[in-house]
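Undergrad: task: produce atomic coordinates for the following.
(2 chains)
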Amino acid sequence: ILNVEQSPQSLHVQEGDSTNFTCSFPSSNFYALHWYRWETAKSPEALFVMTLNGDEKKKGRISATLNTKEGYSYLYIKGSQPEDSATYLCARTDSWGKLQFGAGTQVVVTP
Amino acid sequence: NAGVTQTPKFQVLKTGQSMTLQCAQDMNHEYMSWYRQDPGMGLRLIHYSVGAGITDQGEVPNGYNVSRSTTEDFPLRLLSAAPSQTSVYFCASQTSGSVDTQYFGPGTRLTVL
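TA: Numbering: from 1, shown residues only, chains lettered A, B, ... in the order given. All right, here's what the predicted structure looks like:
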């Protein structure tokens, strides 16, 4: 994998349901994996930074896991709420701190 | 702290015009970056800086210039605007290094006619 790829591009979730989506990235020369939450008409806001294989991070109902050997990360949303509607971006950093972003997964939670 | 500020919020240019997008941060961050956001393409890095006096190209640098004379400011210059530069531009800063969170400005929506 040469680029950071996110799937699916978009998903619709019923309120109360749980969901997850994927970020795939080049595993070579890996330093860190970032997740951002991006609401419409706002700026991206950081959720997690993960560095170690097997890392798990949690913030409220949102959690993330990291597999650096195979080059993927999952983001989970438990019991989705309408306020979780946003685009979720992942980004991989190199040794210089440059971020390479994926195109994002747009999540729409319907009541 | 104001965080990362960007001006203007909106701008319309004609093809061939030049302008500078301003970015400033008051968090004493060493690293600053400029991104453009286009539908379906996420954020793409234009230029970045790891400290005052040091800049480097990102993924899509053509048509843009930057300079970093102070830690606080990182302006982005469009020398001769083209319709392909119609986009939303985000400036971001971080302390330094690969594991530090980037903080984003509110964005500038640029339209080139």
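Undergrad: mind listing the strands for chain A?
TA: Per DSSP state E, chain A carries strands over the ranges A:5-7, A:10-14, A:19-24, A:32-38, A:45-50, A:56-59, A:62-67, A:72-77, A:86-93, A:99-101, A:105-110.
Undergrad: per-residue pLDDT, the nearest residue to B:Thr70 once chain neighbours are set aside?
TA: Among residues not flanking B:Thr70 along the chain, B:Ala52 sits closest, at 5.8 Å (Cβ to Cβ, 6 or more residues apart in numbering or on different chains). Using the backbone N, CA and C atoms, a C-beta is placed for each residue, glycine as well. pLDDT for B:Ala52: 93.
Undergrad: what's the answer for A:Ser43, then?
TA: Value for A:Ser43, per-residue pLDDT: 92.
Undergrad: pretty sure it is touching B:Cys91, no?
TA: No: the pair A:Ser43 / B:Cys91 is not scored as a contact, 9.6 Å apart, by Cβ atoms under 8 Å.
Undergrad: those two: which is more packed in?
TA: B:Cys91 (27 against 18; other Cβ atoms under 10 Å in any protein chain shown).
Undergrad: the strands of chain A: lowest mean pLDDT?
TA: Mean pLDDT, when computed for each of these, is lowest for strand A:99-101, at a mean of 89.
Undergrad: which parts of chain B sit against chain A?
TA: B:31, B:33, B:35, B:40-45, B:48, B:50, B:58-59, B:90, B:94, B:96-107 (Cβ under 8 Å from any Cβ of the partner chain).
Undergrad: at 7 Å what do you get?
TA: Taking Cβ under 7 Å from any Cβ of the partner chain, the part of chain B that reaches chain A is made up of B:31, B:40-43, B:45, B:48, B:50, B:58, B:90, B:94, B:96-102, B:104-107.
Undergrad: report the buried members of those.
TA: Neighbour counting with 16 or more other Cβ atoms under 10 Å in any protein chain shown marks B:31, B:42-43, B:45, B:48, B:50, B:58, B:90, B:94, B:98-102, B:104-105, B:107 as buried within the residues of chain B next to chain A.
Undergrad: joint contacts of A:Ser43 and B:Cys91?
TA: B:Gly105 (Cβ atoms under 7 Å, 6 or more residues apart in numbering or on different chains).
Undergrad: quick check: the gap between B:Arg77 and B:Gly63.
TA: Distance, B:Arg77 to B:Gly63, using Cβ to Cβ, to the nearest Å: 10 Å.
Undergrad: also B:Val12?
TA: 17 Å.
Undergrad: what of B:Lys9?
TA: For B:Lys9 relative to B:Gly63 (Cβ to Cβ), the value is 21 Å.
Undergrad: and these two? Which one has more around it.
TA: B:Gly63 (14 against 9).
Undergrad: check contacts around that one.
TA: Contacts of B:Gly63 (Cβ under 7 Å, 6+ apart): B:Leu78, B:Leu79, B:Ala82, B:Gln85.
Undergrad: list, one by one, the residues from chain A near chain B.
TA: Counting by Cβ under 7 Å from any Cβ, chain A sits next to chain B at A:31-32, A:43-44, A:46, A:49, A:51, A:89, A:93-99, A:101-104.
Undergrad: thanks again, I'm all set now.
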